[in-house]
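*Asks:* coordinates only, no sequence provided:
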C-alpha cells in the first residue's frame, strides 16, 4: 500500500516541474521528521527555476499507461477507475488496503487516502481539482492539465503526507521563503 503514497508524491513532484507561466510563484517543500532525532528539510524554489529544470525529469517513469515506482507497476487506468467510483457519489472507496474519501466541497475539496493496514495512520491529501486534471487524459497522467489548474489557482497545497512521524508538505505560493 505504500505504492499509493509513492504515487501521490510522484504526481505532486511531476506537477511541480510542469511549466506554468507565473514568474512570481514559488514551490515549497517541507519534510519534517519527529522522534529521537527530529529533523526538517526546507526547500523554496522560484518556479522559473523549476521550469528550467523540468526537461531533466526522467519521463521514463510513466510509460504505456503505467507508473513505475520503486520497481512496482501501477496502471493509470486503475487509478482512474478508483477515482471515477469515488466521484460517482459513494461515501468512500477501498482499494488495495487503502480507503479513498473526498473531504470538503468546491475548490477546497480534497482527496484523502488512508492506509487501512497501517497502525501508524498514514494519510495522503491531494486537492481533488489536481486529481481531476491529472486523470483527464484517457491514457496517461496529464501533467499539463494539472499545471493549468495550478496556474489558475496561483497558490495552494499540492500534497500533504503524514506517516510514522514524518510529514511531507508541498505547496505553491508567491512568498519566496515560507514557514
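*Replies:* All right, it came through fine. Just so it is clear, the model here is predicted, and its values are computed rather than measured.
*Asks:* where exactly do the strands run in this protein?
*Replies:* All strands of the chain, identified by DSSP state E, fall at 26-33, 39-46, 62-63, 66-69, 72-75, 93-95, 98-103, 110-115, 123-127, 156-163, 166-173.
*Asks:* mind listing what residue 111 touches?
*Replies:* 83, 86, 100, 101, 102, 124, 125, 126, 127, 128, 131 (CB atoms under 8 Å, 6 or more residues apart in numbering). All C-beta atoms are positioned from the backbone trio N, CA, C, and that covers glycine.
*Asks:* out of these, which one sits closest to residue 152?
*Replies:* residue 127 (11.9 Å; CB to CB).
*Asks:* pull the contacting residues for the nearest residue to the closest one once chain neighbours are set aside.
*Replies:* Once flanking residues are discounted, residue 127 sits nearest to residue 110: 5.7 Å by CB to CB, 6 or more residues apart in numbering. By CB under 8 Å, 6+ apart, the residues touching residue 110 are 102, 103, 104, 125, 126, 127, 128.
*Asks:* if I look at residue 143, how far off is residue 47?
*Replies:* For residue 143, the distance to residue 47 equals 14 Å [CB to CB, to the nearest Å].
*Asks:* just give me the neighbour total for residue 169.
*Replies:* Neighbour count for residue 169, taken as other CB atoms under 10 Å: 18.
*Asks:* let me redo that: residue 176
*Replies:* Neighbour count for residue 176, taken as other CB under 10 Å: 11.
*Asks:* contacting residues for the closest residue in space to it that isn't next to it in sequence?
*Replies:* Of all residues not flanking residue 176 in the chain, residue 26 sits nearest, at 5.7 Å (CB to CB, 6+ apart). Residue 26 makes contact with 44, 45, 46, 47, 172, 173, 174, 175, 176, 178, according to CB under 8 Å, 6+ apart.
*Asks:* of those, closest to residue 96?
*Replies:* Nearest to residue 96 out of the contacts of residue 26 is residue 172 (CB to CB; 29.3 Å).
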